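In: Fold the stuff below for me.
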Amino acid sequence: MKKIVKLLQNRDFIFSLAMLMGLVIPQASTWTRHLTLPALALVMSMSMMGISRNSFASLRSLVIPALLGIFMCYGVLGGFILSASVLLIQDKDLLNGFILLAIMPPAVAVIPFTNLFKGNNAFSLAGTVGGYLGALIIIPLVLYYFIESSRFALERLSTASIVLIIIPLIVSRVLRWKKIDKDLESVKGTITNWSFFVVVYSIVGLNQDIFTHQPMRLIPVAAIAIGSMFVLGLLIERAGKLLRIDSQTTMSLMLLGTIKNCGLAAGIALTLFSKESALPATISTIFMFIYVIWISFKQRWTKGDTHQVVAQK
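Out: Residues are numbered from 1 along each chain as shown. Here you go, the predicted model:
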């Protein structure tokens, strides 16, 4: 019984199960899609509980991470996506989808993932907020160039900012003020993992037909998604070591520089362009969770290897 309970609390098992169920039995995703926003808001509230008031004691602690968040999201990740898509993508709809993805702010999941992987929570929060502030300028300018209208994008961006950042931040402060955060500490990880189950299952399930009807079309899209996460993530991690940045901040920079708000990109693509233009965001979402599982395995392997070295000494 203990093994079953432990398995049901395992992050990698939960994410893998969600993707498998989304591919095999996607029918329930038509109604679980309505639970994704509340699930993400719950995840954000749990993650922000660990951020204390002292995390933002100085202006510098806000400005520098915010600027770095903008640079990692748009300069590094956005630049990579744009360059790779121009080189590899010939289809106009897919190219539009990648352009949308490149100008999106960081995924709100950056903050809970930072918490899961022991990164710098305050840094990721400030970097994410900076990314969303930058998006208020970047998205309207780019969309105006394409369709001479950006009102819908701003409305979606405003909703995402309020529901997934501002409200959870307020809720987390209340939980800390009432000292409820200590009672939730033992179940915080399980709540976060199963909330992500809802999100992963819904996204994979809703797009299950893409994998069965257009597999060859997905190859260049998948190649860019893999490069923008796995390859770029390794390069950022290596750069962090060369620059002697602490591991927690490096993890935050890596997440800010590899994960975009794919849900927002898919929603805007479906409304302003076509179903095909939502493919880059959809495929990137699926690879994002594979990427998260890979980071988890990598951390465990590194930790185990470190323990072996210590034991040998």
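
In: give the contact list for residue 197.
Out: Listed by CB atoms under 8 Å, 6 or more residues apart in numbering, the contact set of residue 197 reads 14-15, 17-18. For every residue, glycine as well, the C-beta is placed using N, CA and C.

In: just those now: which is nearest residue 106?
Out: Set against residue 106, the nearest of the contacts of residue 197 by CB to CB is residue 15 (19.5 Å).

In: so that closest one makes contact with residue 286?
Out: No - contact between residue 15 and residue 286 fails when scored by CB atoms under 8 Å: they sit 10.9 Å apart.

In: which residues are contacting stretch 208-222?
Out: Residues outside stretch 208-222 that contact it (CB under 8 Å, 6+ apart) are 22-23, 26, 29, 88-89, 91, 94, 279-280, 282-283, 287.

In: if we can go back for a sec, so which one among the contacts of residue 197 has the lowest pLDDT?
Out: In terms of pLDDT, residue 15 ranks lowest among these, with 83.

In: in which helix or strand would I find the nearest residue to residue 44 once chain neighbours are set aside?
Out: Spatial nearest neighbour of residue 44, excluding adjacent residues (CB to CB, 6 or more residues apart in numbering): residue 168 at 3.6 Å. Assigning secondary structure by DSSP states H and E places residue 168 in helix 167-177.

In: The helix or strand just after that helix: which residues count as buried?
Out: Moving toward the C-terminus from helix 167-177, the next helix or strand (DSSP H and E) is helix 181-184. Using 16 or more other CB atoms under 10 Å as the test for burial, helix 181-184 gives residue 181.

In: Then stretch 85-105?
Out: 85, 88-89, 93-105.

In: Tell me the one of these nearest residue 117?
Out: residue 105 (20.0 Å).

In: Could you verify my assumption that the closest one touches residue 132?
Out: Yes - counting by CB under 8 Å, residue 105 touches residue 132, with 4.6 Å between them.

In: Can you measure across stretch 236-254, start residue to end residue?
Out: End-to-end distance for stretch 236-254, by CA to CA, to the nearest Å: 6 Å.
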